[in-house]
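In: task: produce atomic coordinates for the following.
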Amino acid sequence: MNDDVVYFRRGGGRSRPRTPVQNGRVADLLEPDLWNVPLPALRAARQRGREYIATGKYVSRLKITEYSENAQGWSTTTKRDLFPSNTAPVEWANIVGPDVGQFSPIAYDEVPELLEAARWVGERGLADQRFLERVSMLSGIEQDADKRLSQVHSEYIRFFVMELVGCAEAIGAESDDELLHLYAELERARFADELKGDLLVPIALTPLDLAAPFQVANDVWIEPLTTEIQRARATSAMYGGRVSAHVVAAASHAVVVRNLAFDNSNLFWRRWRTSSVPALARVNQVLQCLHILTGRDTGFAQAVVRPLGWADTWDHDLPPIWKLSEYHAYPESFDSGGWTEDKRMISADTIEDLPKIFRALESAPANVQLAARRSMRAVTRDDDEDKTLDAAIGIEALLLANSDREEVTHRMALRAATALAADGSEPEIVARLLKNVYTHRSAIVHGRARKSDMVSLGEKEFPAREVASFLLRALLRAHLIAEEPWTPESLDRQIIGSLRSVQVNKKAPREG
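Out: Below you'll find the model as predicted:
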């Protein structure tokens with residue numbers, strides 16, 4: 001590294017390299033003129049705020065999210081929505097306001113540099129619509145010109161200048177170079193047409209014995225979640241909703257798709273209206289493979305982005321996180337206190353073949369991918385009928401050929417027995433189990449099913465829906481782990497080949 005390239009690292013949380021400063025200038029700064037505007041305002045507002053805080057009078061405080069975990073070792077980290085203590089960090093965004101009030105002890109006009117910066121931004125915005133939209137996302141709804149300008153001033157001061165002040169205070173950034181790095185992150189989030197980041201999808205209630213990142217594919221990893229990321233991604237447990245904040249918290253690792261590009265041509269739509277994440281399909285495939293390998297119920301409740309060199313905002317000293325959405329893509333049982341149960345750790349050896357079957361699933365034909373999706377969907381089902389039908393659809397996708405019309409259950413039973421025989425399974429037992437599952441499926445379709453329908457295996461009985469899910473997972477594993485994946489047609493050829501072997505043995509002359 002050259003001596004004239006300096007990296008600034010955030011004081012709180014895991015250190016990471018920032019955009020390099022070369023000879024005091026940020027490379028590829030998008031709005032160099034704008035950088036010269038907030039610096040005097042930032043320093044003046046920071047100094048005026050420090051003077052007020054030193055008086056000991058009331059100031060608004062931040063609700064800091066602390067990391068916590070329970071006796072079982074699950075993270076129970078949720079956002080704090082109660083009133084913060086008097087020793088909590090100052091909420092710098094509320095230090096200044098248009099007028100002196102209960103939550104804004106300093107008026108804008110008490111900091112002339114702040115007003116001067118806001119006026120410059122307003123004038124620039126009136127002449128440049130794109131600039132205006134990137135600085136103020138709400139000014140467009142104001143029809144009156146004066147009100148629109150006032151909105152621009154307010155958003156710029158609160159969400160740009162004071163955002164920078166708050167982060168600088170949190171991490172102890174004092175020098176121009178350090179402040180410049182923070183500005184560059186905020187500027188890039190506002191003005192770049194494309195942003196890069198890593199998609200993080202925490203794996204709910206699925207403990208993995210992985211202390212370091214585990215590579216699944218070129219750009220797909222499973223990473224341990226640091227305490228800083230746990231705090232940054234935390235959600236509130238104070239409000240009801242379909243997704244439990246405790247399930248969101250109870251994850252030790254995340255599926256990570258690295259270095260994705262996100263369209264930022266419309267800042268408002270990118271931040272608040274993102275509805276689809278294409279890479280989520282790959283995350284689902286990783287979880288499908290994890291379930292196929294381990295037999296564990298798994299899923300996810302949240303998707304976030306770890307920005308690469310940009311920040312929409314900062315939560316005190318935590319790394320910036322862009323929260324995409326929450327999903328109820330996990331078993332219903334997780335909501336019933338799953339985080340209070342003991343961890344059953346999945347060893348690194350157990351998932352050693354995960355990259356292999358992930359590659360196999362990604363390149364597999366549509367019927368195999370459908371079966372994998374149905375296998376995972378069955379995991380998230382709580383209803384007996386839904387779980388059985390999902391598993392049955394997956395089994396059919398794997399074992400039925402396009403030409404099959406008659407004797408469907410018998411054909412599938414023979415094929416399942418043949419496919420699993422290589423793993424040491426007893427063919428007669430496999431065939432009987434699959435026929436019993438399809439007896440239950442038929443009863444569901446014709447309205448005769450009972451919640452208590454059981455399948456016998458030796459002296460034990462198991463719910464038919466669980467047997468269906470087990471068979472589907474076993475078939476998927478056998479298919480994806482095979483050096484030459486089988487098809488319904490190849491299984492039929494193998495059956496016929498076995499019959500031919502029997503005939504040959506019968507015709508062979510006996511010795512003696």
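In: show me the helices in the stretch 251-400 of the chain, by range?
Out: For the stretch 251-400 of the chain, the helices identified by DSSP state H, counting those that start in this stretch occupy 267-272, 280-294, 354-362, 366-380, 384-399, in order along the chain.
In: and these: which comes nearest residue 184?
Out: Distances from residue 184 to each of the helices of the stretch 251-400 of the chain were compared using CB to CB; the minimum, 16.7 Å, belongs to helix 267-272. In this view, the C-beta of every residue, glycine as well, is placed from N, C-alpha and C.
In: got a list of contacts for that closest one?
Out: Helix 267-272 is touched from outside by 133-134, 137, 190, 195, 262-264, 312, 322, with contacts defined as CB atoms under 8 Å, 6 or more residues apart in numbering.
In: restricted to buried residues, select these in ChimeraX.
Out: What follows is the ChimeraX syntax for the buried subset of those, where burial is set by 16 or more other CB atoms under 10 Å:
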select :133,134,137,190,195,262,264,312,322
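In: what's near enough to touch the residue sitting nearest the centre point of the chain?
Out: Nearest to the centroid of the C-alpha atoms of the chain, with distances taken as CA atoms, centre = their mean, sits residue 201, at 1.9 Å. When contacts are counted by CB under 8 Å, 6+ apart, residue 201 touches 254-256, 280, 283, 300, 302-303.
In: what does residue 206 give?
Out: For residue 206, the contacting residues are 251-253, 290, 296, 298, 346, by CB under 8 Å, 6+ apart.
In: pretty sure it sits in a helix.
Out: No: the assignment for residue 206 (DSSP: H, G, I helix; E, B strand; the rest coil) gives coil, which keeps it out of a helix.
In: next one: it, what pLDDT does it get?
Out: At residue 206, the predicted lDDT confidence score is 97.
In: go on, residue 80?
Out: In this prediction, residue 80 carries a pLDDT score of 74.
In: please enumerate the strands of the stretch 151-300 of the chain.
Out: 194-202, 214-215, 220-224, 253-263, 300-307 (DSSP state E, counting those that start in this stretch).
In: ok so, going back, from the contacts of residue 206, which is closest to residue 432?
Out: For the contacts of residue 206, the nearest to residue 432 is residue 296 (26.1 Å; CB to CB).
In: so what's that closest one up against?
Out: Residue 296 sits next to 206, 290, 344, 346 when contact means CB under 8 Å, 6+ apart.
In: determine which two of those residues are furthest apart.
Out: Once CB to CB is applied, the contacts of residue 296 give 290 and 344 as the farthest pair, at 13.8 Å.
In: compare the two (neighbour count), which wins?
Out: Between residue 290 and residue 344, counted using other CB atoms under 10 Å, residue 290 has the larger neighbour count: 25 against 10.
In: hmm, the more buried one is touching residue 354, no?
Out: Yes: Residue 290 is within contact range of residue 354, at 6.6 Å (criterion: CB atoms under 8 Å).
In: mind listing the strands for the stretch 351-500 of the chain?
Out: Listed in chain order, the strands of the stretch 351-500 of the chain (DSSP E, counting those that start in this stretch) span residues 454-457, 460-463.
In: and residue 497, how many neighbours does it have?
Out: Here the number of neighbours of residue 497 (other CB under 10 Å) works out to 11.
In: and for residue 163?
Out: Taking other CB under 10 Å as the neighbour definition, residue 163 ends up with a count of 20.
In: quick one: it and residue 243, what's the gap?
Out: Residue 163 sits 28 Å away from residue 243, going by CB to CB, to the nearest Å.
In: and for residue 339?
Out: From residue 339 across to residue 243, the span is 13 Å (CB to CB).
In: who's more crowded, the two?
Out: Neighbours per residue, other CB under 10 Å: of residue 339 and residue 243, the larger number sits with residue 339, 22 against 18.
In: phi first, then psi, for the spatially closest residue to that one that is not a sequence neighbour.
Out: Nearest residue to residue 339 in three dimensions, chain neighbours excluded: residue 250, at 3.9 Å (CB to CB, 6 or more residues apart in numbering). Backbone geometry at residue 250, expressed as degrees, to the nearest 10, gives phi -80, psi 70.
In: residue 250: what's it in contact with?
Out: Applying CB under 8 Å, 6+ apart, the residues contacting residue 250 are 74-76, 204-205, 334, 338-339.
In: where exactly do the helices run in the stretch 1-150 of the chain?
Out: 32-36, 38-54, 112-127, 129-135, 145-156.
In: in a markdown table: those helices, plus mean pLDDT.
Out: Converted to a markdown table, the helices of the stretch 1-150 of the chain look like this (pLDDT from 0 to 100):
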| stretch | mean pLDDT |
| --- | --- |
| helix 32-36 | 87 |
| helix 38-54 | 94 |
| helix 112-127 | 92 |
| helix 129-135 | 89 |
| helix 145-156 | 86 |
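In: about what we covered before: could you redo the helices of the stretch 251-400 of the chain as TSV and give each row distance to residue 211 and mean pLDDT?
Out: Shown next, in TSV, are the helices of the stretch 251-400 of the chain (distance: least, CB to CB, whole Å; pLDDT from 0 to 100):
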stretch	distance to residue 211	mean pLDDT
helix 267-272	34	86
helix 280-294	18	96
helix 354-362	16	96
helix 366-380	26	92
helix 384-399	34	89
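In: could these go into TSV alongside distance to residue 141?
Out: Conversion of the helices of the stretch 251-400 of the chain to TSV gives the following (distance: least, CB to CB, whole Å):
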stretch	distance to residue 141
helix 267-272	11
helix 280-294	31
helix 354-362	44
helix 366-380	39
helix 384-399	44
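In: of all those helices, which one comes closest to residue 221?
Out: Closest approach to residue 221 among the helices of the stretch 251-400 of the chain is made by helix 280-294 (9.3 Å; CB to CB).
In: for the closest one, packing partners?
Out: Using 3 or more CB pairs under 8 Å, 6 or more residues apart in numbering; DSSP states H and E as the contact criterion, the secondary-structure elements in contact with helix 280-294 are strand 194-202, strand 220-224, strand 253-263, strand 300-307, helix 354-362, helix 366-380, helix 464-481.
In: same list (the ones you listed) but as a markdown table, adding distance to residue 118.
Out: Below are the helices and strands packed on helix 280-294 laid out as a markdown table (distance: least, CB to CB, whole Å):
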| stretch | distance to residue 118 |
| --- | --- |
| strand 194-202 | 26 |
| strand 220-224 | 41 |
| strand 253-263 | 29 |
| strand 300-307 | 26 |
| helix 354-362 | 51 |
| helix 366-380 | 50 |
| helix 464-481 | 59 |
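In: need the contact list for the nearest residue to residue 475 once chain neighbours are set aside.
Out: If you skip the residues right next to it in sequence, residue 475 has residue 398 as its closest partner in space, 5.3 Å away by CB to CB, 6+ apart. Residues in contact with residue 398, defined by CB under 8 Å, 6+ apart, are 367-368, 371, 472, 475-476, 479, 488.
In: again, only this time at 10 Å
Out: With contact set as CB atoms under 10 Å, 6 or more residues apart in numbering, residue 398 has these partners: 367-368, 370-372, 374-375, 412, 415-416, 419, 471-472, 475-476, 478-479, 486-488, 491.
In: name the residues contacting each of residue 290 and residue 354.
Out: With CB under 10 Å, 6+ apart applied, the overlap between the contact sets of residue 290 and residue 354 consists of 216, 222.
In: in this structure, where is pLDDT below threshold?
Out: With pLDDT under 70 as the threshold, the chain has low-confidence stretches at 1-27, 81, 102, 140, 142-143, 274-275, 402-406, 445-452, 500-512.
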